[in-house]
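*Asks:* pasting the sequence and the predicted model now:
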Amino acid sequence: MMAADQTLAGVPSSLSAKVVGSFAYLTVRDRLPTILTKVIDTIHRNKNKFFEEYGEDGIQAEKQTISLLSKLRNELQTDKPVLALTDGLPDTESWNQYLNRQQRLQGDQESVSWFKSAWLYVECYMYRRIQEALLLNPPISDYDVFNEGKTQSFFESQQAVMALCTYLEGVKKNIDELSRNQLFEHFNKLLLVSLWGNKCDLSISAGQENSQKTSPLDSLSSLQPFILVDDSSMVWSTLISAQKPGESGKTTADRVDIVLDNAGFELVTDLIFADFLVSSGLARRIYFHGKSFPWFVSDVTANDYQWTIRQTMATNHKWMSKSGFQWQTYLKEGVWSYHDHPFWTQPHEFCDMAADAPDLYATLQGADLVLFKGDLNYRKLTGDRDWDHTVAFNTALRGFGPAPLCSLRTLKANVQVGLQSGQGEKLTSQDPSWMTSGKYAVIQFYNSKSE
Ligand SMILES: O=P(O)(O)OC[C@H]1O[C@](O)(CO)[C@@H](O)[C@@H]1O
Ligand SMILES: [Mn+2]
């Protein structure tokens, strides 16, 4: 049987912790156990809450869950084989099949394990095992172990959110009088705000405080040199060329999909951008795609999405609460909708989507533009492989292209394609941690239809 590295002609190997000293290795060795320890601590701190809600059963569930999670941490730290899931949920079978697939790729000699197999796979698997530990303990199955961090990030970013909502209100006030150039400028600003909003995830910092305290609008121009690929003009022209006369008499693109990443400040920047797209008439509808269970510490679930809109409505800042009410109205009217699909919480590279989640692929095909937020989505777009930096984005996508798409990502993992020749080497010599510090970003676009 072939080794994992040689499975596909011309396609580089998956990043893996087996490369000692690599970012994948450091993540599996240091960051993932830290995240698990924090999860255990959070559950323990909430013991009384579980007792109040479920009595003795709550206490038992707390103990059992902690014991499963400690076992998981031990398996990880001692590089034990990855185990099949036992919780019998709708996605269990698919996870177990994926384990077999990894085993086939790896060959029979060694088991699939934390430090030997694909980093993307084992990191995703850890979050699914956290979910399993909770699901096997029914009274606390719905408990979101990452909720505290996500809500804290939202509250700590209040000043920045207020500044953005005030800006949005100003734009909307005379939106019908704006020239196309002025509209483009606002579009670009809010796209950049949503891009840099991705700095605020909690997974890279293993859950440490990570919020936005100042108005991001003020720092956009100083951040421009850190954008390594800027295809924003292609995003704009895609929207403009998708415009069709709608029922309302307005000429708009029909649908923009946003594949969300993190809750807290980043989610608000995405909602603000989506509000702008609709209120400016650039898009008629927005589909938001989120996670169906807590994922990578700070990712958005349906609960986080609704909570964020409710909180925004409930503040006593005039423009912020006005924005919240507007978002609620968009949802009621179906202008906005939230969708989750099990594929987003699976470990697959996106080039597998058409075969492994054809319904989701078909849904995305209905969009005029799909925006993929964040680093993990970028890893999945490119298969989390050891690509040369100069390889074209569409080569790394390996046939994935349900609709014109754009990745809005700050770099937090060592995969980056589509750079100019020499650009990667220059960055490495100037700033060795350029791919993982979150300091750099890309706006990277691809449209299979324009090939
Ligand atoms: O929220 P984002 O932008 O996807 O970033 C999360 C990133 O942090 C990490 O967890 C760091 O290990 C990456 O695996 C992941 O890509
Ligand atoms: Mn995330």
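*Replies:* Nice, thanks for sending it over. Numbers count the residues shown, from 1 in each chain. Ligands and ions are numbered 1, 2, ... in the order given.
*Asks:* which residues in the stretch 51-200 of the chain form helices?
*Replies:* Under the criterion DSSP state H, counting those that start in this stretch, helices of the stretch 51-200 of the chain are mapped to 56-77, 92-106, 119-135, 147-156, 158-173, 180-197.
*Asks:* does any bit of the last one sit next to ligand 1?
*Replies:* This means helix 180-197. No: judged by CB under 6 Å from any ligand atom, helix 180-197 makes no contact with ligand 1; its nearest approach is 9.9 Å. From N, CA and C alone the C-beta is placed, and that goes for glycine too.
*Asks:* and the following helix or strand past that helix, what does it pack onto?
*Replies:* Note on helix 180-197: by DSSP states H and E, the next helix or strand toward the C-terminus is helix 220-223. Helix 220-223 sits against helix 180-197, with contacts defined as 3 or more CB pairs under 8 Å, 6 or more residues apart in numbering; DSSP states H and E.
*Asks:* check which helix or strand covers the closest residue to residue 254 other than its chain neighbours.
*Replies:* Closest residue to residue 254 apart from its sequence neighbours, by CB to CB, 6 or more residues apart in numbering: residue 284 at 5.3 Å. Residue 284 belongs to strand 283-290 when assigned by DSSP H and E.
*Asks:* tally of neighbours for residue 316?
*Replies:* Residues lying near residue 316 (other CB atoms under 10 Å) number 6.
*Asks:* would you map the strands across the stretch 251-400 of the chain?
*Replies:* Secondary structure of the stretch 251-400 of the chain by DSSP state E, counting those that start in this stretch: the strands cover 251-259, 283-290, 336-340, 369-373.
*Asks:* would you turn the ones you listed into a markdown table with distance to residue 43, mean neighbour count and mean pLDDT?
*Replies:* Putting those into a markdown table (distance: least, CB to CB, whole Å; neighbours: other CB atoms under 10 Å; pLDDT from 0 to 100) gives the following:
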| stretch | distance to residue 43 | mean neighbour count | mean pLDDT |
| --- | --- | --- | --- |
| strand 251-259 | 29 | 21 | 93 |
| strand 283-290 | 23 | 22 | 98 |
| strand 336-340 | 24 | 17 | 98 |
| strand 369-373 | 28 | 25 | 98 |
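*Asks:* ligand 1 is nearest to which of those?
*Replies:* Evaluated with CB to the nearest ligand atom, the strands of the stretch 251-400 of the chain place strand 369-373 nearest to ligand 1, the distance being 7.4 Å.
*Asks:* name the helices or strands packed onto that closest one?
*Replies:* Counting contacts by 3+ CB pairs under 8 Å, 6+ apart, strand 369-373 packs against helix 232-241, strand 251-259, strand 405-410.
*Asks:* thinking again about what came up before, may I see the strands of the stretch 251-400 of the chain arranged in a markdown table, with distance to ligand 1 as well?
*Replies:* Output for the strands of the stretch 251-400 of the chain, formatted as a markdown table (distance: least, CB to the nearest ligand atom, whole Å):
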| stretch | distance to ligand 1 |
| --- | --- |
| strand 251-259 | 11 |
| strand 283-290 | 13 |
| strand 336-340 | 16 |
| strand 369-373 | 7 |
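*Asks:* quick one, which of these is nearest to ligand 2?
*Replies:* strand 369-373 (8.2 Å; CB to the ion).
*Asks:* one step back: winner for burial among the helices of the stretch 51-200 of the chain?
*Replies:* Highest mean neighbour count among the helices of the stretch 51-200 of the chain (mean count of other CB atoms under 10 Å): helix 119-135, with a mean of 23.
*Asks:* near ligand 1 at all, that helix?
*Replies:* Yes: Helix 119-135 lies within reach of ligand 1 by CB under 6 Å from any ligand atom, at residue 123.
*Asks:* residue contacts, residue 172?
*Replies:* Residues near residue 172 by CB atoms under 8 Å, 6 or more residues apart in numbering: residue 279.
*Asks:* quick check: residues of the stretch 51-200 of the chain near ligand 1?
*Replies:* With CB under 6 Å from any ligand atom as the criterion, the stretch 51-200 of the chain meets ligand 1 at residues 123, 198.
*Asks:* how about the stretch 51-200 of the chain: which residue is closest to ligand 2?
*Replies:* Per CB to the ion, residue 198 is where the stretch 51-200 of the chain lies closest to ligand 2, at 8.1 Å.
*Asks:* how many residues are close by that residue?
*Replies:* 25.
*Asks:* which residues touch the closest residue to residue 434 other than its chain neighbours?
*Replies:* Nearest residue to residue 434, sequence neighbours excluded (CB to CB, 6+ apart): residue 427, at 4.3 Å. Residue 427 makes contacts with 228, 434, 440, as judged by CB under 8 Å, 6+ apart.
*Asks:* so who does residue 42 touch?
*Replies:* Counting by CB under 8 Å, 6+ apart, residue 42 makes contact with 145, 148.
*Asks:* can you give me phi and psi for it?
*Replies:* phi -60, psi -40 (degrees, to the nearest 10).
*Asks:* could I get the helices and strands packed on strand 369-373 as a markdown table with distance to ligand 2?
*Replies:* As requested, the helices and strands packed on strand 369-373 are exported to a markdown table (distance: least, CB to the ion, whole Å):
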| stretch | distance to ligand 2 |
| --- | --- |
| helix 232-241 | 21 |
| strand 251-259 | 11 |
| strand 405-410 | 10 |
